[in-house]
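K.L.:
pasting the sequence and the predicted coordinates here, then a few questions.
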Amino acid sequence: MANTDKKEQPEYRLRIISWFIVSGLFMLVSVLWYLQVVKGKEFADEQVFQSSRSVRIPAVRGKILDANGNSLAESRPSYRLCLYLEELSPLFKKAYSTAITNEAQQVLKQHGRRLSSQERQLIARKARYWAASNSIYRAGLLLGQQIQLNEDYFDKHYRERLAIPMPISAELTSTQMAMFQESSYIPPGVDIDVQPLRFYPYNTIAAHIIGYLARNDQPVDGEDAFFNYLLPDYKGVIGIEWVFDNYLRGKAGYKSVMVNNLGYRQSESVWTPAEPGNNVVLTIDVKIQEIAEKSLRTGFENVKGAVVVMNPENGDILAIASSPSYNPNDFIPRISSQEMTYLNDSNLRPMINRASQERYPPGSVFKIVTALACLESGINPTEKYIVQPDPSNPSHGCIYVGNRKIRDTAPPGEYDLHRALVKSSNSYFIHCGLKAGLKRILEMGNRFYFGKSMELPTGQSDKGFFPDENWIKGQSQRGNIWTDGDTANLCIGQGSIAVNPVQIAVLISAVANGGKVFYPRLVQRIEPMEIGMSTGKKLEFSTRTRGLLNVSNEHLQFVKKAMLDDVEDIEGTGRAAAVTGLKIAGKTGTAEVQEGAVTVDKIAWFASYAPYESPKYVVVVMIEGGVSGGRTCAPIAGQIYRGILNLERMKRLKASQLASDDTIKTEFAEIGTN
Amino acid sequence: MDLADLKKKESRLMWLLMVAIAGLMVIGIAFVYSASEANEALASLPFYRQRYFMQLVWYVLGVASAFVVCLVTYHTIVRWSYLIYWVMIGLLFFVLIFGVKRYGGTRWLDFGFFQFQPSEFAKIAFIIAFANYLSRPIEELKKTKVLCKALGMAFLPFILILKEPDLGSAIVFMPVCLAMMYIAEVPTRFLRNLIILTVAVSGLFFVDILFAPPNWQIKLHDYQRRRLLVFFGKDYAPADATPAERKRLQLQQLNDSYNIRQALISVGSGGIFGKGWRQGTQTALGYLPRAVAHNDFIFSVIAEESGFVGGIIVVALYGVILFSGITIASRAGDQLGKLIAVGIVVLIFSHVFINIGMNIRVVPVTGIPLPLVSYGGSSVICFLVAAGLLQNIYQNRRT
């Protein structure tokens, strides 16, 4: 029999055992193959997943520079103390083992039972806190400043952000930095951590257009959605910081922290370094901006008003100030509640950019538009009109439209267009404006783009209000029929019209430059943070002409001459703006804000440009609650012009000095070569 | 005897066996070093108290013992086998009474400078005594009384070790005992019944543990039951558990399955070529528990750091040892030598299979060492003595 034959083979039984062994080993090898070769990738991923934590590293934010390269906003390094928990972990362990032995003995003695796992956890928590606060206390001694460690804050960090250092102090002063670095003993687990922090060197200067930042650690669009930890980051909330946030922010980096089974950090590696943001270069000249803001606040600190300084040749904004202002530094790292109350003050409203965001009646400044409309309609500027005295106030003139009396601030008497502009006669402009007709006035206003946004890239452009025929028709259908009284109001910049100082600056620029209406330009270009950096974007914003006035030069010259006389003439309303050595052309305005029949507020204006012959600066000053344009705003404008003149003088002086230095140098060089 | 004669004769040494053992010892030192490197508690100790150095000392002692074992023929040793056996039984009793408790088991005898694990030596002692007992005429082996006595011989240490408790070491007795009886040509019918009985009992045991209602279950150590539940992927919580209890048990289950999950991640993430010696992150970062990385779970460390290639090499080295053992058994001078050799081969194989198997989730976790590689004096010396016995039998083979 085959069976017995086999059995009789001497090593049959050994062979059976061999087969067992072979199949056993084969089984091990095949499972190994399955785990390591087939599923190897999955397990490798799982291993990485359980032992690494991703951290988002915010990029260094780009600077905001003025036209001359002065930085209005930049990032500076900020130093603070941090606790590195992984270095403390042996101390935690030690503190815990001491505490647990004591506690366990005590509980056993008193209650005759063992500690529950919850009690153990509590002891561990207390032991950790004890060890950490011990270290922090010593760090405090080192810095001569008591540092408190909040137990809940510490525990939360331990549970949720163990792999990254825990900040334990506010920013260190340079003295503290020195004390820390020179100390021979540094408490365990404590070290200095550096972070870029936004800084506005000029504080409140140009605050409104720069805007401010708010804490936002979240990844932005286009980044990896998931990070275990996010380091503090900020985003722009308003102003340039907001509108150009994409450029300023740069690209966040990514680092991976390897953690052990308890979650303590072991090592870290940067996977993608952060790319710094781009610089935004403004048209602002910070020197002029400073002059403008200082002048604006001559009267009193919290004056509510605005100044715009513009280059009429290209629409570049050289200064744009709004008061009251705020300090964007106050928002870093976060705004205090005290500051917040000030910022929310409903009367001062410091957050509003009064230069572009608010609506004001232009008042007599609008007479420039009415005058041009009249001139273009063929009205003879030399034709006289006699203003009758106001019966209730004989030193002032008045005019009757329908049966409504409109008061005048100018005296009664004989007016032509030139005198009417210089003395800002309401009666004359209402008379002529009605003669020219609403349509012409509206059409002229449209040429200056009233009622349209000036498209400032700060998120603060209000378009104001300017009526058009559709609107008038719509109002009529609702029963508010447009009357001559309304037209009369419009002629003198009251009633259904609202503007902001930037719009007025554009108007004055167009008059000054001979008829070109520009988009105001605030941002010149975007450039890489450092020259020669390959990663940055480069973007130029060129001057944009919005439209042409198409007004005859003769008419423009007429208005300009009248504006010059408004400042130069003894009779002129704006003569407080006069500056010796500079020919300034300007127009005052004092608009009344009425609620029903009561005047609740006055908006004072002074809109001007200089020098008269070749305009280089447009200065518009607006103040809420001023006495009058001539008395409140004109002196401020004058002060600004004086400041600018000084600045130019200094510049010339410096240039000539440099030039003479150069000539000396070249002379020396020549001597040298000889 | 001149040189030419020596060359003609086959070598006295089983070279392949020696090379494989040396290879495993090198691997052992290297990976015990790697597995203990991250252990902060050890870092401050002088080098002679480091684990890799201690392991080297065990190797030297083990090789010396093996050499001593080879000085006399195995027949001389076997003459003392029953005495050795009973001494071992005595020690196993002793350990139950005076033993040192570690990792939830009373397995060690403390001699101050040296902690000794009698169960490791009990395995060798049992093999020698059992081989001695079984090497008798086939006719005698058919007698029930003889067979019962044989089973009793195996059962006594089995029960004592199970009582420690050391389930892994106890279970190893079963295949060793079966294989030796099979080679001794105990009647097949008897063996078949024995196997059926064992399978039935263990089958019932598993069914009872996994499915029976709690009050019907065999009393088992809680951790043993949990290990089995983890292996079979069963919930700890019985069907009628309250939500709070269920939650607590689920958390515990997660904790208990932690080791094996981390071992799997270690092995799997090693890939084909591994991360490189000392480059494994699982032990360095403490995911693979440091208490077991250098002994029961050393294969995970090897597999993580040397990959599939390293795993294959380790398995192949054991293959070489096992088949050298089979060869030695087949050429043994008598039935006694053959039985000892087969006992040792099956002992090594069981250890390798169970240990590697638990690292890769093929068998439930039972703490038994990987022969010659896992850190530990008792185990290393025991397996080197076993290797010495193999060599002894080879020296005294048929010519």
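P.N.:
Sure, I can see it. Numbering: from 1, shown residues only, chains lettered A, B, ... in the order given.

K.L.:
C-alpha only now, for contacts and for neighbours.
P.N.:
OK.

K.L.:
can you pull the contacts of the residue most central in space within chain B?
P.N.:
Nearest to the mean C-alpha position of chain B, by Cα atoms, centre = their mean, lies B:H351 at 3.4 Å. The contact partners of B:H351, by Cα atoms under 8 Å, 6 or more residues apart in numbering or on different chains, come to B:V172, B:I368, B:P369, B:L370, B:P371.

K.L.:
and A:I238, by the same measure?
P.N.:
A:I238 touches A:I209, A:I210, A:G211, A:Y212, A:L213, A:T458, A:G459, A:Q460, counting by Cα under 8 Å, 6+ apart.

K.L.:
which two among these are spaced furthest apart?
P.N.:
A:L213 and A:Q460 (15.5 Å; Cα to Cα).

K.L.:
picking up where we left off before, quick check on the contacts of A:I238: which are buried?
P.N.:
Applying 16 or more other Cα atoms under 10 Å in any protein chain shown to these, the neighbour count classes A:I209, A:I210, A:G211, A:Y212, A:L213, A:T458, A:G459, A:Q460 as buried.

K.L.:
what's the host helix or strand of the first one in contact with?
P.N.:
Using DSSP states H and E, A:I209 falls within helix A:207-210. In this structure, residues lying in contact with helix A:207-210 by Cα under 8 Å, 6+ apart are A:64, A:72-73, A:238-241, A:320-322, A:325-328, A:351-353, A:458.

K.L.:
next step: these restricted to helices.
P.N.:
A:G239, A:I240, A:E241 (DSSP state H).

K.L.:
do you know how far B:S34 is from chain A?
P.N.:
Separation of B:S34 from chain A (Cα to the nearest Cα, to the nearest Å): 16 Å.

K.L.:
so who does B:S350 touch?
P.N.:
B:S350 touches B:V172, B:P175, counting by Cα under 8 Å, 6+ apart.

K.L.:
could you pull out the helices for the stretch 351-500 of chain A?
P.N.:
A:367-376, A:417-423, A:426-436, A:438-447, A:469-477, A:484-491 (DSSP state H, counting those that start in this stretch).

K.L.:
so for the fourth one, mean pLDDT?
P.N.:
What helix A:438-447 shows for mean pLDDT is 93.

K.L.:
tell me which residues in it are buried?
P.N.:
A:L438, A:R440, A:I441, A:L442, A:M444, A:G445, A:N446, A:R447.

K.L.:
test my guess that the third one contacts A:K367.
P.N.:
No - counting by Cα atoms under 8 Å, A:I441 stays clear of A:K367, with 10.2 Å between them.

K.L.:
any common contacting residues for the two?
P.N.:
Joint contacts of A:I441 and A:K367 (Cα under 8 Å, 6+ apart) are A:C491.

K.L.:
would you indicate which residues of the helix ranked longest in chain B are buried?
P.N.:
Longest helix in chain B by number of residues (criterion: DSSP H): helix B:298-330. By neighbour count on 16+ other Cα under 10 Å, the buried set for helix B:298-330 is B:298-312, B:314-315, B:317-330.

K.L.:
next up, phi/psi of the residue nearest the centre of chain A, please.
P.N.:
With distances taken as Cα atoms, centre = their mean, A:G211 lies nearest the centre of chain A, 1.7 Å away. With angles defined as degrees, to the nearest 10, A:G211 sits at phi 80, psi -160.

K.L.:
check contacts around it.
P.N.:
Residues in contact with A:G211 (Cα under 8 Å, 6+ apart) are A:G236, A:V237, A:I238, A:G239, A:I240, A:E241, A:W242, A:P328, A:T458.

K.L.:
would you map the helices across the stretch 51-200 of chain A?
P.N.:
Along the stretch 51-200 of chain A, the segments classed as helices by DSSP H, counting those that start in this stretch run A:85-111, A:117-143, A:151-160, A:174-182.

K.L.:
now the second one: buried residues?
P.N.:
By that I understand helix A:117-143. Buried residues in helix A:117-143 (16+ other Cα under 10 Å): A:120, A:123-133, A:135-140, A:142-143.

K.L.:
try the third one
P.N.:
Within helix A:151-160, the residues that qualify as buried are A:E151, A:F154, A:D155, A:H157, A:Y158, counting by 16+ other Cα under 10 Å.

K.L.:
may I have that helix as PDB, with CA atoms only?
P.N.:
Once non-C-alpha atoms are left out, helix A:151-160 reads as follows in PDB (Å, rounded to 0.1, in the frame of the first residue of the first chain):
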ATOM      1  CA  GLU A 151      -4.300  78.200  35.200                       C
ATOM      2  CA  ASP A 152      -7.100  77.800  32.800                       C
ATOM      3  CA  TYR A 153      -5.200  79.500  30.000                       C
ATOM      4  CA  PHE A 154      -2.300  77.200  30.700                       C
ATOM      5  CA  ASP A 155      -4.400  74.100  30.800                       C
ATOM      6  CA  LYS A 156      -6.200  75.000  27.600                       C
ATOM      7  CA  HIS A 157      -2.900  75.500  25.800                       C
ATOM      8  CA  TYR A 158      -1.600  72.200  27.200                       C
ATOM      9  CA  ARG A 159      -4.600  70.400  25.900                       C
ATOM     10  CA  GLU A 160      -5.000  72.100  22.500                       C
END
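
K.L.:
can you pull the contacts of the closest residue in space to A:A585 that isn't next to it in sequence?
P.N.:
Distances taken as Cα to Cα, 6 or more residues apart in numbering or on different chains put A:L564 closest to A:A585, at 3.8 Å, once the chain neighbours are dropped. Contacts for A:L564 were tallied using Cα under 8 Å, 6+ apart; they are A:K583, A:I584, A:A585, A:G586, A:Y612.

K.L.:
what's the helix or strand for A:L564?
P.N.:
For A:L564, the host element (DSSP H and E) is helix A:553-568.

K.L.:
pLDDT score assigned to residue 102?
P.N.:
Let's take chain A. pLDDT, A:N102: 87.

K.L.:
oops, wrong one, chain B.
P.N.:
Note on B:R102: pLDDT of 66.

K.L.:
and the gap between the closest residue to B:P369 other than its chain neighbours and B:G357?
P.N.:
Nearest residue to B:P369, sequence neighbours excluded (Cα to Cα, 6+ apart): B:D296, at 5.1 Å. Using Cα to Cα, to the nearest Å, B:D296 is found at 11 Å from B:G357.

K.L.:
ditto for A:G493
P.N.:
Taking Cα to Cα, one finds A:G493 at 93 Å from B:G357.

K.L.:
who has more neighbours, those two?
P.N.:
A:G493 (28 against 23; other Cα atoms under 10 Å in any protein chain shown).

K.L.:
check whether stretch B:278-293 contacts chain A.
P.N.:
Yes - for stretch B:278-293, a contact with chain A is found by Cα under 8 Å from any Cα of the partner chain, at B:Q282, B:A284, B:L285, B:G286, B:Y287.

K.L.:
mind putting the contacts of A:G211 in JSON lines, pLDDT included?
P.N.:
Listed next are the contacts of A:G211 as JSON lines, based on pLDDT from 0 to 100:
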{"residue": "A:G236", "pLDDT": "91"}
{"residue": "A:V237", "pLDDT": "90"}
{"residue": "A:I238", "pLDDT": "92"}
{"residue": "A:G239", "pLDDT": "93"}
{"residue": "A:I240", "pLDDT": "95"}
{"residue": "A:E241", "pLDDT": "94"}
{"residue": "A:W242", "pLDDT": "94"}
{"residue": "A:P328", "pLDDT": "92"}
{"residue": "A:T458", "pLDDT": "91"}
